[in-house]
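# need a structure here:
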Amino acid sequence: MTDHDLLLGKLCSQYGLRPREVWGDDLDRALAKISRRLGLSDGETANRAFDDPVLQRELAGCLTVSESFFHRHPEHFNLIVEHIEGRLSGLHPGDALTVWSAGCCRGEEPFSAAIALRDQFGAGAEKVRIVASDVDAEAISAAAQGLFNGWSLRGLSARVAERYFTPVSAGRWQVCAEVRAMVSFSQMAALEHMCVLASNSVDVVLFRNVAIYLEPPALEQVYEGFARVLRSDGLLLVGPSDPRPPKPLFASRGHASGCAYWKRASPLRQGASSEPRVTRPRPPGAPPATARPTRPTCAQALTLADRGRIEDALAMATRIVADSPTDKAAYFARGKIWLSATRNDKAVEDLRRALFIGPDDRVVRYWYAHALLLAGRPLRSLSQIRDLSTRLRAVAEYEVLEDGQTTAGELQRAASLLGESIV
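Below is the predicted model of the structure:
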């Protein structure tokens, strides 16, 4: 395996990306462009990128760049208007509603939302703030300028194009200032951006045609993050070809597009009883019961890691391991947090322990193979991948695995891609 292949594997691992055949050529072009800017050879840039998170983010953005246009899937923007209208009426003075375009590319999507809201509510649309993020630095820079060619405007009516765009040169138009003022742009991946968003602070999330780039474990974290930041009954919109969000967290809105989901008010949990919990009355004169201290959970530790609080997450996970030294889930959670901290040898150690406790857990085996590869042990990783593939071929591809969400088919595809990055 070449250094070039290892760099591509590192980028995919860092951002949870699902590798594509064309990405080898895309990476060549991206390295050449960045090298010219830095005055380095392509090899020197590639070597620097292994340890430079800024370069890694820029390269990942070059791999995932996609073409869009205004009012793509116009029914989605009608839904946003309908959803926002129902919330504006109950908004307190000084408060604002939030729409998040996660993976906004060059800005057509968030500006489309701003135009739809401005068209419906006029100046009242200023009570809605639109935040937009993408990992591609070049796309974010272009989006902030609000300059587009006629191809991007092909989804707009003549009335809307004339109302909200100003021609600036031959074949170039700029979004009007009042629409640009509604949108703020940040260069961040979805998992990074959700770490700076407060819980229950977002009304609408647009995550369209982005999930197709992500591996199942990364996508699981993204959907969990959306469920955290969305307000009660918040709206999630995905693309027609995107994987569907998990049912325990989101319910289909029943829209004709099949792409609209509500955040569930109370997430469903597998095996949870629908019977209400009965509280026994305290006998008269009896002293009040002493509240038991709440123990931290693996989910809480992983949430801290998702928010970028790696040291706090590790401290919590270590406490859980100390309290439950034979708990597979505890070692599994801490292993994944070690990976977030790029402490790959530590991750290998914990994931090996988790697999020793639960040798039949296929999801844990995948993460163990993943950690081995990141720790520079490709042959051992490949051995685990082959073992995993054998186990997965023995079951139906739609069988849900040990984490309660991933199917055998999804994990088989992830394992195959991991194996292809080694051989």
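
# show me the domain layout of this protein.
Split into domains by automatic domain parsing, the chain comes to 3-64, 74-263, 298-420.

# JSON lines for those domains, including mean neighbour count and mean pLDDT?
Quick note: C-beta positions are derived from backbone N, CA and C, even for glycine. JSON lines is the format used below for these (neighbours: other CB atoms under 10 Å; pLDDT from 0 to 100):
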{"stretch": "domain 3-64", "mean neighbour count": "17", "mean pLDDT": "77"}
{"stretch": "domain 74-263", "mean neighbour count": "19", "mean pLDDT": "89"}
{"stretch": "domain 298-420", "mean neighbour count": "19", "mean pLDDT": "86"}
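
# and residue 231, that one's in a strand?
Yes. The assignment for residue 231 is a strand, going by DSSP: H, G, I helix; E, B strand; the rest coil.

# from memory it sits against residue 200, does it?
Yes. Residue 231 lies in contact with residue 200 (CB atoms under 8 Å); the separation is 5.0 Å.

# quick one: contacts for the closest residue to residue 329 other than its chain neighbours?
Among residues not flanking residue 329 along the chain, residue 298 sits closest, at 5.1 Å (CB to CB, 6 or more residues apart in numbering). Counting by CB atoms under 8 Å, 6 or more residues apart in numbering, residue 298 makes contact with 317, 320, 329-330, 332-333.

# could you dump those to JSON lines with distance to residue 157?
Listed next are those as JSON lines, based on distance: CB to CB, whole Å:
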{"residue": "317", "distance to residue 157": "53"}
{"residue": "320", "distance to residue 157": "56"}
{"residue": "329", "distance to residue 157": "53"}
{"residue": "330", "distance to residue 157": "56"}
{"residue": "332", "distance to residue 157": "52"}
{"residue": "333", "distance to residue 157": "51"}
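
# dump those to TSV, plus distance to residue 40 and secondary structure.
Below are the contacts of residue 298 laid out as TSV (distance: CB to CB, whole Å; DSSP: H, G, I helix; E, B strand; the rest coil):
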residue	distance to residue 40	secondary structure
317	39	helix
320	45	helix
329	45	helix
330	44	helix
332	40	helix
333	39	helix
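
# closest to residue 179 among those?
For these, the residue nearest residue 179 by CB to CB is residue 333; the value is 43.3 Å.

# thought that closest one was touching residue 303?
No. In this structure, residue 333 is not within contact of residue 303 by CB under 8 Å, at 10.4 Å.

# how much space between residue 360 and residue 123?
To residue 123, residue 360 is 61 Å away according to CB to CB, to the nearest Å.

# over to residue 200?
Residue 200 sits 27 Å away from residue 123, going by CB to CB.

# ok, now residue 413?
With the distance defined as CB to CB, residue 413 ends up 49 Å from residue 123.

# again, but for residue 416
Distance from residue 416 to residue 123, by CB to CB: 53 Å.

# again, but for residue 390
Where residue 123 is concerned, residue 390 sits at a distance of 63 Å (CB to CB).

# residue 70 in helix, strand or coil?
Residue 70 - assigned by three-state DSSP - is coil.

# so it is in contact with residue 157, correct?
No. Here residue 70 does not reach residue 157: they are 10.2 Å apart, not a contact under CB under 8 Å.

# gap between stretch 137-146 and the chain center?
Distance of stretch 137-146 from its chain centroid, counting by CA atoms, centre = their mean, to the nearest Å, is 20 Å.

# same check on stretch 191-200?
Worked out by CA atoms, centre = their mean, stretch 191-200 lies 10 Å from the chain centre.

# send me it as PDB with only the CA atoms.
Extracted C-alpha coordinates of stretch 191-200, given in PDB (Å, rounded to 0.1, in the frame of the first residue of the first chain):
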ATOM      1  CA  LEU A 191     -20.100  16.200  13.500                       C
ATOM      2  CA  GLU A 192     -17.900  19.200  14.300                       C
ATOM      3  CA  HIS A 193     -20.700  21.700  13.900                       C
ATOM      4  CA  MET A 194     -23.100  19.900  16.100                       C
ATOM      5  CA  CYS A 195     -20.600  20.100  18.900                       C
ATOM      6  CA  VAL A 196     -21.000  23.900  19.100                       C
ATOM      7  CA  LEU A 197     -24.800  23.800  18.800                       C
ATOM      8  CA  ALA A 198     -26.800  23.700  22.000                       C
ATOM      9  CA  SER A 199     -29.300  20.900  22.700                       C
ATOM     10  CA  ASN A 200     -32.900  21.600  21.600                       C
END
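
# center of this protein - which residue?
Nearest residue to the geometric centre of the chain (CA atoms, centre = their mean): residue 222, 3.2 Å.

# measure residue 85 to residue 120 for me?
7 Å.

# nope, residue 327 is what I meant
52 Å.

# now the strands for this structure?
With DSSP state E as the criterion, the chain has strands at 97-102, 128-134, 147-149, 165-169, 172-175, 183-187, 202-207, 230-238, 250-252, 260-263.

# can I get these in TSV with distance to residue 78?
Below are these laid out as TSV (distance: least, CB to CB, whole Å):
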stretch	distance to residue 78
strand 97-102	14
strand 128-134	15
strand 147-149	22
strand 165-169	20
strand 172-175	20
strand 183-187	19
strand 202-207	12
strand 230-238	11
strand 250-252	17
strand 260-263	10
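
# among those strands, which is nearest residue 74?
Per CB to CB, nearest to residue 74 of these: strand 230-238, 12.1 Å.

# paired strands for that closest one, with orientation please.
strand 202-207 (parallel), strand 260-263 (antiparallel) (DSSP bridges).
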